[in-house]
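Student: below: sequence and its predicted model.
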Amino acid sequence: ALAQKDIKRSLAYSTMSQLGYIILALGIGSYRTALFHLITHAYSKALLFLGAGSIIHSIEPIVGYSPDKSQNLVLMGGLTKYIPITRTTFLLGTLSLCGIPPLACFWSKDEILSDSWLYSTTFGIIAYFTAGLTAFYMFRVYLLTFDGYLRFHFQDYSNSKTGLSYSITLWGKNTSNRPNNNTNFSISTIKNSTIKKKVFFFSLKKKNSVRNKIRDFHFYFGKKYTSKYPHELDNTMLFSLLILVIFTMFIGVIGIHSTIGPDLLSKWLTSSKTFLVENSNTNLNSYTFLQNAILSISIATAGLCIAYIFYGSVHSFFYNFSFF
């Protein structure tokens, strides 16, 4: 997840991490908390995968209908102004998975962290460290997708083996394989057909500043002229995203610990208590819960800040001044 360039693979690896939290909760006897995290993670991850699908479909007409291109984080960036609704929903899903309150995954993940710390200090350290990693790589995906500027114009449409003339390393530094970065260039690809020829022209004007690039993508289909940019999908997709956002924001209410909330989940699982005996160490008071929550939020925030330093706009700012 820390190094993946495929947006869907990054989300898939994060799913494995969250399943690890669930197994950890089961192993220490916190069965209710494990089920709680399964529910909250399901809604948050469904929102993220649906958002990823919206992102992929929005850029497919531009970069191509191959997963190596349409799912490549290197070719994304700067999509905020083109798909703002998808961006907002994806951000909420990301923050929920990172454990930021009051979103759903915060309540369940924080209980797992607290229970694991009470059960074993070693388990607690591992769980808290993983929480920081989760915040880092999830915010990395968000920043590479929506922050900065559009990068798909760096794609090399020649049939070379390298495929890309622009790359982003694991730690966010960007490099260009082109010999001269201050020249105007155009790339044309001619596709032969038995009926007629289609010519595609991609033009880019580049300036010294990374953030001041002019991006014009013009497609010529015979005599017809059109411009292609990423765009939101139809209302069916957007409505589904909004429904999942509502659950991501409020589904955590059902399992808030009885010391500070209604704990509806425990009431619904009353019939199972004879089969699943909870660990006695998981009875928390409000002070302990608040203390552990502050620690988990601090670690998640640190992960977000580190990701922003390496992948956010602040990196481009310092990169222009040759600090990196």
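Tutor: Done, it's in.
Student: so which other helices or strands are in contact with the longest helix seen in the chain?
Tutor: Counting by DSSP state H, the longest helix found in the chain is helix 31-63. Contacts defined by 3 or more Cβ pairs under 8 Å, 6 or more residues apart in numbering; DSSP states H and E place helix 31-63 against helix 7-27, helix 67-70, helix 84-98, helix 104-119, helix 235-250, helix 264-268. For glycine as for every other residue, the C-beta is placed from the backbone atoms N, C-alpha and C.
Student: could you rerun that using 10 Å?
Tutor: Packing partners of helix 31-63 (3 or more Cβ pairs under 10 Å, 6 or more residues apart in numbering; DSSP states H and E): helix 7-27, helix 67-70, helix 84-98, helix 104-119, helix 121-146, strand 214-221, helix 235-250, helix 264-268.
Student: adding distance to residue 299, mean neighbour count and mean pLDDT, write these out as a markdown table.
Tutor: A markdown table is the format used below for the helices and strands packed on helix 31-63 (distance: least, Cβ to Cβ, whole Å; neighbours: other Cβ atoms under 10 Å; pLDDT from 0 to 100):
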| stretch | distance to residue 299 | mean neighbour count | mean pLDDT |
| --- | --- | --- | --- |
| helix 7-27 | 14 | 18 | 93 |
| helix 67-70 | 33 | 17 | 80 |
| helix 84-98 | 10 | 23 | 94 |
| helix 104-119 | 9 | 25 | 90 |
| helix 121-146 | 5 | 20 | 93 |
| strand 214-221 | 37 | 14 | 38 |
| helix 235-250 | 21 | 16 | 91 |
| helix 264-268 | 25 | 14 | 72 |
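Student: can you put those in JSON lines and add distance to residue 306?
Tutor: JSON lines is the format used below for those (distance: least, Cβ to Cβ, whole Å):
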{"stretch": "helix 7-27", "distance to residue 306": "17"}
{"stretch": "helix 67-70", "distance to residue 306": "28"}
{"stretch": "helix 84-98", "distance to residue 306": "12"}
{"stretch": "helix 104-119", "distance to residue 306": "19"}
{"stretch": "helix 121-146", "distance to residue 306": "6"}
{"stretch": "strand 214-221", "distance to residue 306": "29"}
{"stretch": "helix 235-250", "distance to residue 306": "24"}
{"stretch": "helix 264-268", "distance to residue 306": "33"}
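Student: out of those, nearest to residue 51?
Tutor: Nearest to residue 51 among the helices and strands packed on helix 31-63 is helix 84-98; the distance by Cβ to Cβ comes to 3.9 Å.
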